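In: After the sequence you'll find the predicted model.
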Amino acid sequence: MSGRRSTRPRFIRVGRDNRTAVAVATSTSTERPTPSLPGTLQKAIADWEEIGYSVKVGLELEAYVQPDGAGGWQPYTTPRSFVYGTGPTADPAGVIDDIMWTAEDCGFRTESINAEFDEGQFELTLEYDSTLKAVDDIFLFRLLARRSPSNTDST
């Protein structure tokens, strides 16, 4: 017996320019379920909601920035031990600023983006949100950060 599969968009996020967007969808099937992270997460959310809770999460990324501007990698020279620093002292080339402003232009709600302890290490945190939306957003935000103009040779 063949099952039926359907997909419905949950939200659409604007891209880095006027020509692109990303649709995040939920896919369902009448076939035998296949275990997956999204399905497992949705089940966990439903279980908590069934007993009266609304689950929210905040997610933080730790990153080392190492672009060389020519499509390769080298250490990004920043002051060490400048924990929670921002601005040109912590980010001399403005790489993190590019990520932050691009994220804002794309509708991400950043809570904090700042230097961490080690040279070229940064912390990027989005505001907390409903669990599934927060997970979708952090996945897309990570893609955006990796494709930031300062991190690619497309500038």
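Out: Received the coordinates, thanks.

In: now the strands for the chain?
Out: Taking DSSP state E to define them, one finds strands in the chain at 5-14, 21-29, 56-57, 60-64, 110-115, 121-126, 129-130.

In: Kindly compare burial across those strands and name the winner.
Out: Among these, ranked by average contacts under mean count of other CB atoms under 10 Å, first place goes to strand 121-126 (a mean of 20). C-beta: built from backbone N, CA, C; applies to glycine.

In: pLDDT below threshold where in the protein?
Out: The chain contains residues with pLDDT under 70 at 1-8, 27-38, 67-69, 71-72, 149-155.

In: just the helices in it please.
Out: Taking DSSP state H to define them, one finds helices in the chain at 37-50, 87-90, 95-105, 131-146.

In: buried set for the third one?
Out: Using 16 or more other CB atoms under 10 Å as the test for burial, helix 95-105 gives 95-100, 102-103.

In: How about the shortest one?
Out: Neighbour-count burial for helix 87-90, counted by 16+ other CB under 10 Å, picks out A90.

In: coming back round to it: could the strands of the chain go into a markdown table alongside distance to P88?
Out: Listed next are the strands of the chain as a markdown table, based on distance: least, CB to CB, whole Å:
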| stretch | distance to P88 |
| --- | --- |
| strand 5-14 | 28 |
| strand 21-29 | 31 |
| strand 56-57 | 32 |
| strand 60-64 | 18 |
| strand 110-115 | 11 |
| strand 121-126 | 14 |
| strand 129-130 | 30 |
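
In: and of those, who's closest to W73?
Out: Minimum separation from W73 across these (CB to CB) falls at strand 60-64, 9.6 Å.

In: Show me what the closest one is packed against.
Out: Under the contact definition 3 or more CB pairs under 8 Å, 6 or more residues apart in numbering; DSSP states H and E, strand 60-64 sits against strand 121-126, helix 131-146.

In: Partner strands of it and their direction?
Out: strand 121-126 (antiparallel) (DSSP bridges).

In: so the partner strand versus helix 95-105, what angle?
Out: 10 degrees (axes from the mean of the first three to the mean of the last three CA atoms, to 10 degrees).
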